[in-house]
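In: sequence and predicted structure are below.
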Amino acid sequence: MKWNRIPQLVSKNISRSLEIARLDEEYMARGHAFKYYPLAVARAEGSRVWDADGNEYIDFLASAAVYNIGHRHPEVVKVIKEQIEKLLNYTMGYFYEKEPVELAMQLVKITPGEFKKKVTFGFSGSDAVDSSIKIARACTRRKHIISFKDSYHGMTYGALSVTGIVKPEVSELVCPIKEVHFVDFPDPYRNPWDIDGYEKPDELASVALDHVERKIKELDEDVAAIITEPIQGDAGVVVPPPGFIKGLKELAEKHGVMFIDEEVQAGMGRTGKWWAIEHFNVVPDLLVAAKALGGGMPISAVVGKAELMDSVPPPLLVYTHIGHAVSAVAALATIKVILSERLVERAREVGEYVLKRLKEMMEKYNIIGDVRGKGLMIGVDIVKDRKTKEPDRATALKICFRSWEKGLVLITFGKHGNVLRIAPPLNIPVEDLDKGLNIIEEAVKDVLDGKVPDEVVNYLKGW
Ligand code: PMP
């Protein structure tokens, strides 16, 4: 097993987690994971998780930005229990069900746009992205899709096809759809135009928009959609310059292209707005939500202008379990909790505090090249050299490994795999936040002092 050496390298007992990892390796297809360290989660509550050996952790990952309201929120657990006493689900493919309709009514209310909207459901960010592509193609009767390099949209066929971060030699193994064209996202920190996007945001936005418009023209205007994360997530928390998303929407309107706002990771309050697109004052044609929507239950949604949504005839959006009643009530409770606990505002306030603390660390440690994000969607870019900005994936992984040893769930991501991902629950207590941030600082120091063996990097896969 790949973790065989780990027990000699960590001080705590992880024997049960290791046994689960061993069986996973034996029985699970390797294509479904990037394993960071042998943590088998057995229990969770709020912003804490426990592994199979009873070790406790603060959760800075929230199961990949799923638990915006914390693990097992009592309101969500309560409605799930009530629902399973009545009905698990009955297919909406043939009849009617109240719970998903109520959820659709809520989603229409909390998403941007004062026009008449409709909703379709799925289970995972990926399938919702597929639905958005179907809708955009059906309503425009056009073929091509423009997406961004280093974007992540999911692993079903449509979503994989528009995902920019997977290396072509990997995705081409399974023949993704062909009519997808990748353009550069205006990353203020590292971009192909060598523009300092923090100093010159307008210049960066304008160059990137020209680049997109050229692509639309090259494709003879046969473009159905532009799909974008308003803030790129798995690319390493890339916040575009303020004018870019607005300019992109204007370009889409000018050329009759649907604008798909992909909020799977950034949505549901995470960035300090209900939807990240609201930072840019843009109203999208279609909005894709998932992850945090179900409060831990699998559910995704596409919300869009009614006439666009209805351009897809049945059965093209049918799944047997669509709008699953248990997931739907969990999602309704999740929305209620975000509103009643004022988690959108809290993400904004607490996010500012975390950014400040991380920027203080950046003053002290040269290996931190950039700290960026909005709300509690934050990335810490680990570099070999501040001037060259050369990414240091190995050091970032060592920081995560040490953090795990010290009781913090922390992973890396990003197009270079060198960005520490800070995505705790939005209602994480300040004491947990501080403890987590202190662990990161201690881990940074330990790595710099040579206390974490280089060898650990051989075992951690990561992005
Ligand atoms: N879009 C974004 C922005 C994501 O971050 C993810 C998951 N990392 C997805 C889509 C895919 O969602 P899922 O894995 O739930 O299908």
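Out: Noted; the coordinates are in hand.

In: burial measure for the closest residue to the ligand within the stretch 101-250 of the chain, as a count.
Out: The minimum distance from the stretch 101-250 of the chain to the ligand, using Cβ to the nearest ligand atom, falls at G125 (2.4 Å). The C-beta positions use only the backbone N, C-alpha and C, and glycine is treated the same way. Burial of G125 is recorded as 27 neighbouring residues (other Cβ atoms under 10 Å).

In: pLDDT at it, what is it?
Out: If you check G125, the pLDDT there is 98.

In: for it, grab phi and psi.
Out: phi -50, psi -40 (degrees, to the nearest 10).

In: wait, isn't it in contact with G267?
Out: No - contact criterion Cβ atoms under 8 Å: G125 and G267 do not qualify, at 9.9 Å.

In: quick check: neighbours shared by the two?
Out: K291 (Cβ atoms under 8 Å, 6 or more residues apart in numbering).

In: what comes up buried for the lowest-mean-pLDDT helix or strand in the chain?
Out: In the chain, the helix or strand scored least confidently by mean pLDDT, DSSP states H and E is helix 6-9, which has a mean of 88. For helix 6-9, burial by neighbour count (16 or more other Cβ atoms under 10 Å) applies to I6.

In: list of residues touching that helix?
Out: By Cβ under 8 Å, 6+ apart, helix 6-9 touches 14-15, 18, 37-38, 453, 455-456, 459.

In: and which of the residues you listed is nearest to the ligand?
Out: The ligand has its nearest neighbour among those in Y37, at 18.9 Å by Cβ to the nearest ligand atom.

In: which residue packs closest to that closest one, ignoring adjacent ones?
Out: Of all residues not flanking Y37 in the chain, W404 sits nearest, at 4.9 Å (Cβ to Cβ, 6 or more residues apart in numbering).

In: quick one: that neighbour from the ligand, how far?
Out: 20 Å (Cβ to the nearest ligand atom, to the nearest Å).

In: would you double-check that that residue falls in a strand?
Out: No - using DSSP: H, G, I helix; E, B strand; the rest coil, the assignment for W404 is helix, not a strand.

In: which ones are touching it?
Out: Contacts of W404 by Cβ under 8 Å, 6+ apart are 36-37, 39, 57, 410.

In: can you tell me the element the most centrally placed residue in the chain falls in?
Out: By Cα atoms, centre = their mean, the chain has its centre lying nearest to Q265, at 2.8 Å. Using DSSP states H and E, Q265 is not contained in any helix or strand.

In: bridging residues for the closest residue in space to Y36 that isn't next to it in sequence?
Out: Ranked by Cβ to Cβ, 6+ apart and with sequence neighbours excluded, the top spatial neighbour of Y36 is I411, at 5.0 Å. Here I411 sits in beta bridges with R421, as judged by DSSP bridges.

In: and I411, how many neighbours?
Out: 22.

In: for the stretch 351-463 of the chain, what spans make up the helices?
Out: 393-406, 430-448 (DSSP state H, counting those that start in this stretch).

In: mind listing what's buried along stretch 98-111?
Out: Neighbour-count burial for stretch 98-111 [16+ other Cβ under 10 Å]: 99-100, 103-104, 106-108, 110-111.

In: show the average pLDDT along that stretch.
Out: 98.

In: what does stretch 202-211 give?
Out: 98.

In: if H181 is in a bridge, with which residues?
Out: Counting by DSSP bridges, H181 is bridged to I146.

In: residues touching it, list them.
Out: With contacts defined as Cβ under 8 Å, 6+ apart, H181 is in contact with 144-147, 215, 219.

In: ok, the residue nearest to the centre of the chain touching N68?
Out: No - look at Q265 against N68 with Cβ under 8 Å: they stay out of range, at 10.6 Å.

In: the contacts of W404: which two are farthest apart?
Out: Y36 and Y57 (12.5 Å; Cβ to Cβ).

In: tell me which of the two has more neighbours.
Out: For Y36 and Y57, the more surrounded residue by other Cβ under 10 Å is Y57, and the numbers stand at 23 against 20.

In: low-confidence stretches in this protein?
Out: For the chain, no stretch has pLDDT under 70.

In: write out the residues of it neighbouring the ligand.
Out: 64, 124-126, 129, 152-154, 229, 233-234, 262, 264-265, 290-291 (Cβ under 6 Å from any ligand atom).

In: just the ones of those in helices?
Out: Secondary structure from DSSP state H places 64, 125-126, 129 of these in helices.

In: neighbour-wise, which of these leads?
Out: If you rank these by neighbour count (other Cβ under 10 Å), V129 sits at the top with 31 neighbours.

In: so what's that one up against?
Out: Per Cβ under 8 Å, 6+ apart, neighbours of V129: 153-154, 156, 158-159, 162, 227, 260, 262, 264, 288.

In: what is the nearest of those to L316?
Out: Nearest member of those to L316, counting by Cβ to Cβ, is G158, at 12.0 Å.

In: so the closest one is in which element?
Out: helix 157-161.

In: off-centre distance for the following helix or strand past that helix?
Out: Scanning forward in sequence from helix 157-161 by DSSP H and E, the next helix or strand is helix 168-171. Put simply, helix 168-171 sits 21 Å off its chain's centre (Cα atoms, centre = their mean, to the nearest Å).

In: identify all contacting residues around helix 168-171.
Out: Residues contacting helix 168-171 (Cβ under 8 Å, 6+ apart): 160-161, 163.
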